[in-house]
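Visitor: A predicted structure for the sequence below; I have some questions about it.
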Amino acid sequence: MTFTRFLTALAVLTGLGLAGDARAADEVRFATQPIPCYSPIFVAKHKHWIEEELNKVKPGIELKWSSFAAGPPINESFAAGQQDFGFLGDTPALIAKSVGIDTKVVGISASGPKSLAVVVAAGSPLHAAKDLKGKKVAVTKGSFAQHLLALVLESGGLTFSDIELVNLPNADIAPAIIAGTIDAGAVWEPVISRFESQKAIQVLADGTGLKKGLLVIVASTEFVKAKTDQAKAVLRAYARGAEYIRTNPKEAAALISSDTNLAPELLVQVFGKLDFNPVIREDDINELKKSEAYSRSIGLIKAPVDIEPWLDRSLIGDGATK
């Protein structure tokens, strides 16, 4: 599916008000991605902290898990009424909101400027942003890495019109670089650490000084309004997962290695690149505003998104983790 057709499909789904599959009355549904940026929810899942926190509200609530390769298909699932919570980058979350998918940002899943980067092959003659001129550069369109790529190009005095832009899934970009079919790509973890450890790629530029690398926790507005206590319980469990990673990184990595597609020793390294505190802070709001302005400027979103009303900062509090 092309990116344009994807946006059209989202708009149609939303306009028709599709409700998705029938759901159990006492159920919370999660849309995740198998990457380290969402590690606290995987820790909470394995530790059964989500059930524990929900049981304080109402016993017997079931959990339903779905895994997706990236943010755009999570948006499709939300548009079809099939999810209550989703974990995705700031850009796809903005795209969904702009086409009318009724969500709230209820927390920050992670942030880390070194967790996304523009990479090239090991030993590549490309060393700076300006060297990308005329080159084939891949990104997953509609992802938060697309914004990083735009900022990296800008730092070298370039725009998308100066490169040959290729749309590829995140997992396919590094292999394409290694195979020589593209020259560079904007990717996120675990791709960076996995292929760096194999000495197959090198970072040309990461988000340091350019993009915070913000990923968000969204929830359907209907769920937040109807089941506020359950939403708070899920976020408490997420915060517990984040604190466990902070205090027990090796144990956490061993616990969730299979969930994140990364070996435990590499996962511990990735933990060091990420801040998992789910509290929505002022600099997070500013980052979302920058992402919204960028997405509008290049036509990723047609309708503006008013950031502050989109956020619900009441569910998580002011200091979830140290």
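Guide: Sure, I can see it.
Visitor: what helices or strands is the longest helix along the chain leaning on?
Guide: For the chain, the helix reaching the highest residue count under DSSP state H is reported as helix 228-247. Contacts of helix 228-247 with other secondary structure elements, assessed using 3 or more C-beta pairs under 8 Å, 6 or more residues apart in numbering; DSSP states H and E, are made with helix 39-46, helix 49-55, strand 103-110, strand 215-220, helix 221-226, helix 249-260. Glycine gets a C-beta too; all of them are placed from N, C-alpha and C.
Visitor: quick one, the third one and helix 228-247 angle?
Guide: For strand 103-110 and helix 228-247, the angle between their directions (axes from the mean of the first three to the mean of the last three C-alpha atoms, to 10 degrees) works out to 10 degrees.
Visitor: Tell me which helix or strand comes right after strand 103-110.
Guide: Secondary structure here is assigned by DSSP states H and E; on that basis, the next helix or strand after strand 103-110 toward the C-terminus is strand 116-121.
Visitor: For that following strand, list the C-alpha coordinates in PDB.
Guide: The C-alpha atoms that make up strand 116-121 are tabulated as PDB, following Å, rounded to 0.1, in the frame of the first residue of the first chain:
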ATOM      1  CA  LEU A 116      17.400   6.900  15.600                       C
ATOM      2  CA  ALA A 117      20.000   7.800  13.000                       C
ATOM      3  CA  VAL A 118      21.000   8.100   9.300                       C
ATOM      4  CA  VAL A 119      23.300   5.300   8.600                       C
ATOM      5  CA  VAL A 120      25.700   4.200   5.800                       C
ATOM      6  CA  ALA A 121      27.700   1.100   5.100                       C
END
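Visitor: continuing past it, what's the next helix or strand?
Guide: Sequence-wise, the next helix or strand beyond strand 116-121 is strand 136-139, with elements assigned using DSSP H and E.
Visitor: Please state the offset of that following strand from the chain centre?
Guide: 19 Å (C-alpha atoms, centre = their mean, to the nearest Å).
Visitor: Show residues contacting that strand.
Guide: By C-beta atoms under 8 Å, 6 or more residues apart in numbering, the list of residues contacting strand 136-139 from outside reads 118, 145-146, 149, 163-168, 172-173, 176-177, 181-186.
Visitor: Verify the contact between residue 189 and residue 33 for me.
Guide: No. At 10.8 Å, residue 189 and residue 33 do not qualify as touching, with contact defined as C-beta atoms under 8 Å.
Visitor: Please list only the buried members of the contacts of strand 136-139.
Guide: 118, 145-146, 149, 163, 166, 168, 172-173, 176-177, 182-186 (16 or more other C-beta atoms under 10 Å).
Visitor: Just the residues you listed: which are in helices?
Guide: Judged by DSSP H, the subset of the buried ones among the contacts of strand 136-139 located in helices is 145-146, 149, 172-173, 176-177.
Visitor: hang on, isn't residue 253 packed against residue 259?
Guide: No. Here residue 253 does not reach residue 259: they are 10.5 Å apart, not a contact under C-beta under 8 Å.
Visitor: Comparing those two, which residue is more hemmed in?
Guide: Comparing residue 253 with residue 259 by other C-beta atoms under 10 Å, the one with more neighbours is residue 253, at 24 against 21.
Visitor: Next, work out how far apart the more buried one and residue 247 are.
Guide: Residue 253 sits 13 Å away from residue 247, taking C-beta to C-beta, to the nearest Å as the criterion.
Visitor: how does this protein divide into domains?
Guide: With domains defined by automatic domain parsing, the chain comprises 3-111+213-310, 113-206.
Visitor: Relative to residue 81, how far out is residue 75?
Guide: Plainly put, residue 75 is 12 Å away from residue 81 if you go by C-beta to C-beta.
Visitor: Looking at the two, which is more packed in?
Guide: More neighbours surround residue 75 than the other of residue 75 and residue 81, with 31 against 20 (other C-beta under 10 Å).
Visitor: quick one: the helix or strand the more buried one falls within to chain centroid distance?
Guide: The secondary structure element spanning residue 75 is helix 71-79 (assigned by DSSP H and E). Put simply, helix 71-79 sits 12 Å off its chain's centre (C-alpha atoms, centre = their mean).
Visitor: quick one, it and strand 103-110 angle?
Guide: Orientation check (the same axes, to 10 degrees): helix 71-79 against strand 103-110 gives 140 degrees.
Visitor: Offset the numbering so it begins at 431, please.
Guide: New numbering, starting at 431: the last item is helix 501-509.
Visitor: hmm, back to that, the domains of the chain: lowest mean pLDDT?
Guide: When the domains of the chain are compared on average pLDDT, domain 433-541+643-740 comes out lowest at a mean of 91.
Visitor: Tell me who's in contact with the closest residue to residue 695 other than its chain neighbours.
Guide: Of all residues beyond its chain neighbours, the one nearest residue 695 is residue 683 (7.5 Å), with distances taken as C-beta to C-beta, 6 or more residues apart in numbering. Neighbouring residues of residue 683 by C-beta under 8 Å, 6+ apart: 694-695, 697-698, 701.
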